[in-house]
Every structure is written in structure tokens, then in C-alpha cells.
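K.L.:
pasting the structure only:
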Ligand code: SF4
């Protein structure tokens with residue numbers, strides 16, 4: 001059993017993706033409801049971006065995705081042709097990437113790139129599309145939008161480029177927005193501005209937002225629901241309140257120990273770390289993918305993992321009982 005999200009905009013069940021001898025997504029299950037922010041969190045290489053690219057059908061050519069189901073607003077994404085998925089992409093499903101400079105085409109103006117999306121999906125004229133683009137640039141806080149439409153990406157700062165990417169993603173009023181580490185390439189102060197903007201737009205537009213991050217501080221601030229990924233699996237999931245109140249998987253606890261927590265971390269106290277790196281897991285692997293880094297590993301951890309309920313909508317994938325932390329302290 002996994003959390004039940006009523007009437008989800010996006011529903012993924014048992015998603016698997018392999019790149020040769022590496023299984024990058026191993027049974028990923030998650031759902032995002034309208035008006036909800038769901039964060040996928042974990043270290044680099046945990047399968048977060050692969051999950052997002054699978055939803056958008058943007059995996060490299062020749063890489064297959066399988067799943068029990070992959071649905072957007074009840075429609076089966078797995079059964080769709082590339083042409084059908086392309087009609088949804090940029091229209092009702094949109095994605096923002098980490099580095100706006102590589103997502104925007106340096107040879108075309110901002111206006112030309114933004115209007116193309118609206119013309120293609122909505123059959124609008126260039127004038128209508130340009131008006132829509134100017135409206136969205138203003139909405140994401142860009143001043144003098146008419147002037148910006150005539151500029152090229154290299155003429156904008158990193159923060160402005162990411163605002164343009166957000167505006168472009170909103171051109172066709174998407175129901176689902178996937179943001180893959182949208183602030184990683186930006187300065188800290190600009191990061192905070194972009195996150196505030198995303199949060200505001202998500203609430204105003206009632207978007208289903210799947211936000212990918214490696215930063216638990218972002219999760220605490222932005223999301224209602226969180227899925228912690230490790231080595232291609234969701235190892236812990238629940239509402240943000242549940243997971244932060246009682247992080248149960250040792251990997252989640254390790255991640256939380258790595259960041260200062262207001263009111264809990266004492267001044268001068270060293271932060272924790274998780275030794276080692278995320279392993280590459282081959283198809284057919286059995287047991288816990290975290291066991292080589294887990295200080296609590298035991299022989300049973302090499303066997304099939306049980307999905308346990310820690311109460312309410314809170315689930316985790318581990319051999320330890322939900323109250324292991326209390327038992328260890330006793
Ligand atoms: Fe650690 Fe075992 Fe739990 Fe994996 S299953 S996180 S190795 S205790």
C-alpha cells in the first residue's frame with residue numbers, strides 16, 4: 001500500500017528505467033494532486049531527473065520506460081505515440097530545467113521562443129502569441145516585458161533567464177509543472193526569489209508542481225508532500241509534516257543530519273555526513289540499495305525490502321521497525 005492521493009493530476013506506479021547495466025528508476029511510485037507541491041529529494045544520481053524525463057517522455061532515444069501505469073489526468077502516457085505526447089508537452093504538461101542558458105536557444109529572441117509554444121499548441125497568430133508572452137513576462141516579475149521580448153538569452157542575467165523559462169512553461173496554462181532543480185545554477189539571493197515566485201504561481205494557478213531538489217530546506221519551505229529517492233527508489237514518502245516530524249528511513253535521517261535545523265542544531269555542533277557515494281544498481285538487484293552506507297545494516301538487508309507504514313500517509317522501505325530510533329535510544 002502507498003499514499004492515496006485523490007484524483008491526482010499525475011500518477012506513476014512502479015516506474016522502471018534502465019541504462020544498460022544500471023537501473024536508474026526502480027519501481028518509482030508517486031502521485032501529485034492539483035494545487036499540491038510534491039518534492040522529489042535525494043543526492044545527484046538517485047533517479048530524480050530520470051523520473052521526470054520519463055513522465056515527459058524525454059528519455060534518450062532507445063531508453064525504454066516501463067510501469068504498472070503512468071497517467072496524466074487519467075490519460076495513459078505509456079500508450080501514447082510520440083506525436084500525442086508532444087501535443088501534451090509544453091501545453092498541459094510543462095517542465096523547467098536546471099540551466100536556463102542551455103534550455104533557451106541562443107540564436108532566437110525571447111519573444112520568438114515564447115511565442116512559438118503558443119502558436120504551435122493554440123494555433124494563435126504571432127501577435128496574439130507575443131501579447132501572451134508579454135503578459136507572462138510581467139506576471140513572473142520582469143519589468144519592461146515588451147523590450148525583453150526582443151532580447152536574446154545572453155543579454156539576460158541567470159535569474160531573468162530562469163524567470164523567462166517559468167513564463168514560457170506557463171504559456172499554455174499547464175496543469176502539471178515539473179521543475180528540475182530550477183535554482184541550482186543561480187546565486188543564493190536569486191534562488192530565494194525564484195522559489196518564492198514558483199510558490200506564488202503554484203498557489204495562484206492551482207498547479208500540480210513536481211519539484212526536484214537535493215535541498216531539504218527547499219522541501220520544508222515549498223512542499224506539502226515529499227518522496228525521498230535513493231539509488232532509483234523512493235525510500236520514504238509522506239506529507240512533509242509527517243516526514244520531518246519522524247524521518248524513519250536511515251537515508252532520510254542522514255540527509256537531515258547534513259543540514260542545520262533551526263531550534264535543533266546547536267551553535268558549533270558539527271553537521272553530519274553520509275560517507276560513500278550513491279551506487280549504480282544493476283537490474284535484478286535484491287535488497288536495500290543503501291546497505292553499503294548504512295550504519296544500521298544487518299544480514300536481512302540483503303533480502304527483499306518490505307514497504308512499511310510509519311503512520312498515516314507516511315511509508316518507508318527498510319527492515320527497521322517504525323520506532324527503531326526510540327528503541328535504539330532506550
Ligand atoms: Fe539500513 Fe537495512 Fe534499513 Fe537499508 S534496510 S536502510 S541497510 S537498516
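P.N.:
The structure has been received and is ready for your questions. Bear in mind that the values here come from a model prediction, so they are computed numbers and not experimental data.
K.L.:
contacts and neighbour counts: CA atoms only from here.
P.N.:
Will do.
K.L.:
which stretches of the stretch 151-300 of the chain have low pLDDT?
P.N.:
Counting by pLDDT under 70, the stretch 151-300 of the chain has low-confidence residues at 262-264.
K.L.:
who are the contact partners of residue 216?
P.N.:
41, 255, 256, 259 (C-alpha atoms under 8 Å, 6 or more residues apart in numbering).
K.L.:
closest to residue 290 among these?
P.N.:
Taking C-alpha to C-alpha as the measure, residue 290 lies nearest residue 255 of the contacts of residue 216, at 12.7 Å.
K.L.:
quick one: name the residues of the stretch 201-330 of the chain near the ligand.
P.N.:
Contact residues (C-alpha under 6 Å from any ligand atom) of the stretch 201-330 of the chain with the ligand: 249-250, 288, 290-291, 294, 296-298, 301, 318-320.
K.L.:
what is the burial count for residue 147?
P.N.:
Summarising burial for residue 147: neighbours were counted as other C-alpha atoms under 10 Å, giving 11.
K.L.:
check the secondary structure at the spatially closest residue to residue 92 that is not a sequence neighbour for me.
P.N.:
Once flanking residues are discounted, residue 92 sits nearest to residue 174: 3.9 Å by C-alpha to C-alpha, 6 or more residues apart in numbering. In the three-state summary, residue 174 is assigned as coil, counting by DSSP: H, G, I helix; E, B strand; the rest coil.
K.L.:
ok, which stretches of the protein are strands?
P.N.:
In the chain, the strands defined using DSSP state E lie at 10-19, 22-32, 37-41, 65-66, 69-72, 75-76, 93-96, 176-180, 208-213, 225-230, 233-239, 307-311, 314-317.
K.L.:
let me see the contact set for the closest residue to the ligand within the stretch 51-200 of the chain.
P.N.:
Closest approach between the stretch 51-200 of the chain and the ligand, counting by C-alpha to the nearest ligand atom: residue 51, at 21.5 Å. With contacts taken as C-alpha under 8 Å, 6+ apart, residue 51 has the following neighbours: 15, 25, 28.
K.L.:
residue 117 contacts residue 171, doesn't it?
P.N.:
Yes. Taking C-alpha atoms under 8 Å as the contact criterion, residue 117 and residue 171 are neighbours in contact, 7.2 Å apart.
K.L.:
who has more neighbours out of these two?
P.N.:
Taking residue 117 and residue 171 together and counting by other C-alpha under 10 Å, residue 171 has the greater number of neighbours (25 against 22).
K.L.:
need the overlap of contacts for residue 117 and residue 171.
P.N.:
Shared contacts of residue 117 and residue 171 (C-alpha under 8 Å, 6+ apart): residue 91.
K.L.:
among the residues of the stretch 201-330 of the chain next to the ligand, which two are most distant?
P.N.:
In terms of C-alpha to C-alpha, these reach their longest pairwise distance at 249 and 298, which sit 14.3 Å apart.
K.L.:
okay, the two: which has more neighbours?
P.N.:
For the pair residue 249 and residue 298, the greater number of neighbours falls to residue 249 (24 against 11), based on other C-alpha under 10 Å.
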